[in-house]
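J.: Quick one, what's the 3D model for this:
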Amino acid sequence: MNYTKIGKFEVIAKEYALGWGDEYDPLWFQKYNEKLAELIVRECTNIVLHYADVDEGVTVAKKHFGVEE
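T.: Residues are numbered from 1 along each chain as shown. Alright, predicted model coming up:
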């Protein structure tokens with residue numbers, strides 16, 4: 001897993017969620033998870049869109065995040 005990239009996304013998501021309360025608030029946790037998921041999906045989408053072959057794009061996205069099959 002590419003913990004450096006995920007760690008950057010976690011920081012962004014935490015900063016975003018602070019506007020919704022603290023880490024013990026269920027709404028904070030929901031907003032954090034939504035933002036983290038959004039950032040990961042956007043990153044994957046950006047990678048895949050650069051390849052004409054979707055399978056190749058998916059392979060590159062998995063490698064980018066260090067996901068093993």
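
J.: I'd assumed Gly57 was in contact with His50.
T.: Yes: in this structure His50 lies within contact range of Gly57 using C-beta atoms under 8 Å: 6.8 Å. Heads up, the C-betas are built off the backbone N, CA and C, glycines and all.

J.: neighbour count winner among these two?
T.: Neighbours of His50 and Gly57, each counted by other C-beta atoms under 10 Å, are more numerous for Gly57; the result is 18 against 11.

J.: Give me the pLDDT value at that one.
T.: We note a pLDDT of 84 for Gly57 in this prediction.

J.: now the helices for this structure?
T.: Assigned helices in the chain, in chain order: 3-17, 26-48, 54-65 (criterion: DSSP state H).

J.: Can you tell me which of those helices has the worst average pLDDT?
T.: Taking the mean pLDDT of the helices of the chain, helix 54-65 comes last: a mean of 84.

J.: What's the local residue count around Ala17?
T.: 22.
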